[in-house]
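*Asks:* Here is the input, now give the coordinates:
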Amino acid sequence: MANPRSSTYRDSLTLPSPLLEAHAQAMYPALMLERARLSGNRLAFDSATGFARSISQGFFLLRIPQGMECDPVDQFARQFYLPGSGYREMEVPGAYQGYFDRPHDQWENFYIERDNWSLLPPAVALLGAQMASIGLHVLRNTLAFLELPAPDWPRISAGLSDNRGHQMLAFNHFRSLKNARGCKFHRDSGWVTVLRSTEPGLYAWVDGQIRAINPLPGYFIINFGSSFEVLTERLATPVRANIHGVAQLEPRPPEHERTSCTLFLDSALDANLYQYRNGRAVAVQSVADFAVQEVARTYDQTSTL
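*Replies:* Below is the predicted model:
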């Protein structure tokens, strides 16, 4: 249960539910996302103020590196939920992994952590590792941009900065014939999310209004998670982990339903969440307690998870 006395607790917002696809497209303009690319290990933005603006908005577009082939994960996302695929029924070792049917959402998904990527087709596992590498570059570059001491990085990120920690792939399918919201408004609780999406449908609460977060061919969508927001809340340049969700799809042919692939970089549940106070990284809450608190927060006009 969320603890209102926790220093990381924030009151919930009340946002529209359900967010209908046609209405959303008409009512909520697209956010102009900054664009970046990886130059070696360095994150380079197209504009001089791109990094700072992305941190403020919580989202940006990252060019898919040359030679990186996304077709395997696109195909897997279109098939994992089908009866007989082998993945809908698969028992994946570890907590909170495998297939999930969201009873109150159009959304259904398949979670699998890095230690189990050998259960995926090799080309999918390879792309997962490449997406994780991209996310880790974003993590390190953001810590450096904020001028946080490099010796602190492994501790505050629970080892992620050293390519350890919790790295999770999620494959998502939205069932347009199901009369339900696309997925609930939420915040990612970790550090960095790398999203492979090829069509509109994602919306976020940015600077006091709902905006569309649209994909661009040849780019991943990157967003920051709540662990980054807590860490930097008292800094001059805080990172925003903005609330987002997917609009309810209108009925469409099965071959045109919305699918996506997401790579999450999180701290392990047995780690601590940190915040910089007076130049020092101070442990403020366990990751396990914070995760429970974040899941309990609601943003729709319903408390249904």
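
*Asks:* And the pLDDT at residue 195?
*Replies:* pLDDT, residue 195: 98.

*Asks:* Apart from its neighbours in sequence, what residue is nearest it?
*Replies:* Once flanking residues are discounted, residue 195 sits nearest to residue 221: 4.2 Å by Cβ to Cβ, 6 or more residues apart in numbering. Glycine gets a C-beta too; all of them are placed from N, C-alpha and C.

*Asks:* Wait, the one you found touches residue 61, no?
*Replies:* Yes - using Cβ atoms under 8 Å, residue 221 is in contact with residue 61, at 6.3 Å.

*Asks:* Are there residues contacting both of these two? Which ones?
*Replies:* residue 33 (Cβ atoms under 8 Å, 6 or more residues apart in numbering).

*Asks:* how about the strands in the stretch 151-300 of the chain?
*Replies:* Secondary structure of the stretch 151-300 of the chain (DSSP state E, counting those that start in this stretch): strands located at 166-174, 183-186, 192-197, 202-206, 209-212, 219-224, 244-246, 259-266, 272-277, 280-286.

*Asks:* Any idea which of the ones you listed gets closest to residue 235?
*Replies:* strand 272-277 (5.8 Å; Cβ to Cβ).

*Asks:* Report the angle between the closest one and strand 280-286.
*Replies:* Strand 272-277 runs at 140 degrees relative to strand 280-286, counting by axes from the mean of the first three to the mean of the last three Cα atoms, to 10 degrees.

*Asks:* Identify each buried residue in strand 272-277, please.
*Replies:* Using 16 or more other Cβ atoms under 10 Å as the test for burial, strand 272-277 gives 272-276.

*Asks:* repeat for stretch 127-147
*Replies:* 127-128, 130-143, 146.

*Asks:* My guess is residue 148 contacts residue 276. True?
*Replies:* Yes - with contacts counted by Cβ under 8 Å, residue 148 reaches residue 276, the gap being 7.1 Å.

*Asks:* Mind checking which of the buried residues of stretch 127-147 are in helices?
*Replies:* Using DSSP state H, 127-128, 130-143 are the members of those that sit in helices.

*Asks:* closest to residue 182 among the residues you listed?
*Replies:* residue 131 (22.4 Å).

*Asks:* how far out from the middle of the chain is stretch 145-165?
*Replies:* 19 Å (Cα atoms, centre = their mean, to the nearest Å).

*Asks:* you'd agree residue 239 is up against residue 232?
*Replies:* Yes - assessed by Cβ under 8 Å, residue 239 is found in contact with residue 232 at 4.7 Å.

*Asks:* shared neighbours, those two?
*Replies:* What both residue 239 and residue 232 touch, as defined by Cβ under 8 Å, 6+ apart, is the set residue 146.

*Asks:* follow-up on the earlier one: what about the residue nearest to residue 195, distance to residue 193?
*Replies:* Separation of residue 221 from residue 193 (Cβ to Cβ, to the nearest Å) stands at 8 Å.

*Asks:* Would you state the helices of the stretch 1-150 of the chain in chain order?
*Replies:* For the stretch 1-150 of the chain, the helices defined by DSSP state H, counting those that start in this stretch occupy 21-27, 50-57, 71-77, 122-145.

*Asks:* for those helices, which one sits closest to residue 179?
*Replies:* Nearest of those (Cβ to Cβ): helix 21-27, 12.6 Å.

*Asks:* roughly how far is the closest one from the heart of the chain?
*Replies:* Using Cα atoms, centre = their mean, the offset of helix 21-27 from its chain centre is 23 Å.

*Asks:* Could you report the neighbour count for the residue nearest to residue 195?
*Replies:* 22 (other Cβ atoms under 10 Å).

*Asks:* Tell me the confidence at it?
*Replies:* At residue 221, the model reports a pLDDT of 98.

*Asks:* residues touching it, list them.
*Replies:* 33, 59-62, 194-195, 197, 202, 213, 215.

*Asks:* just for this structure, where's the confidence low?
*Replies:* Within the chain, the stretches with pLDDT under 70 are 1-7, 9-13, 17-18, 298-305.

*Asks:* same thing but at 90, please
*Replies:* Flagging of the chain using pLDDT under 90 yields the residue ranges 1-23, 25, 95-96, 164-165, 184-187, 189, 254-255, 268-270, 290-305.
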